[in-house]
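With the input below, show me the fold.
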Amino acid sequence: MNLVGGGLLFMVAKTLILYLPEMGAPAETTAWLQPLLSCVAILVLAKGVVGFLAGWGLLQRESWARMLTLVLAFLALFNIPFGTALGIYTLWVLLPAASDAEYRAEVFRKAA
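Take a look at the predicted model:
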């Protein structure tokens, strides 16, 4: 969803914002609004790519994927209401010490 949202925001920043002065908006507004929306879109796209990599890493039982997923789960807590629910569930599943031991055993089994 982040990839779709980031892509749409980037398209809005690069196309529709250019037509605001023709609709009567002050040129000063579009001068700072387009770079701001472009930066936000790039950050959202980056979050989507990192989330995709974390999911792929978990499916492949990579050793770095659990920690990356935990970081993304903490960031998801701010996305009310669905991100909060998903972040809490992810932390509940991956954060306990038993989950760490089980994940390390899966990584070791994959490597062997």
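
Determine the three-state secondary structure at residue 79.
coil (DSSP: H, G, I helix; E, B strand; the rest coil).

The one 5 residues further on too?
What three-state DSSP gives for residue 84 is helix.

doesn't residue 76 make contact with it?
Yes. Residue 84 lies in contact with residue 76 (C-beta atoms under 8 Å); the separation is 7.2 Å. Any C-beta I mention is one placed from the backbone N, CA and C, and that applies to glycine too.

okay, these two: which has more neighbours?
residue 76 (21 against 13; other C-beta atoms under 10 Å).

what helix or strand does the closest residue to that one other than its chain neighbours sit in?
Nearest non-adjacent residue to residue 76, counting by C-beta to C-beta, 6 or more residues apart in numbering: residue 87, 3.6 Å away. Following DSSP states H and E, one finds residue 87 within helix 82-94.

hmm, who's touching that helix?
Helix 82-94 is contacted from outside by 66, 69-70, 72-79, 99, 103, using C-beta atoms under 8 Å, 6 or more residues apart in numbering.

domain assignment for the chain?
The chain breaks down into these domains under automatic domain parsing: 1-55, 60-112.

distance of residue 88 from residue 74?
10 Å (C-beta to C-beta, to the nearest Å).

Oops, could you answer that again for residue 103 instead?
Taken as C-beta to C-beta, the span from residue 103 to residue 74 is 17 Å.

cool, residue 59 as well?
21 Å.

and the most centrally placed residue in the chain, what does it touch?
For the chain, the residue lying nearest the average C-alpha position, counting by C-alpha atoms, centre = their mean, turns out to be residue 47 (2.8 Å). Taking C-beta under 8 Å, 6+ apart, we find residue 47 in contact with 2, 6, 72, 75.
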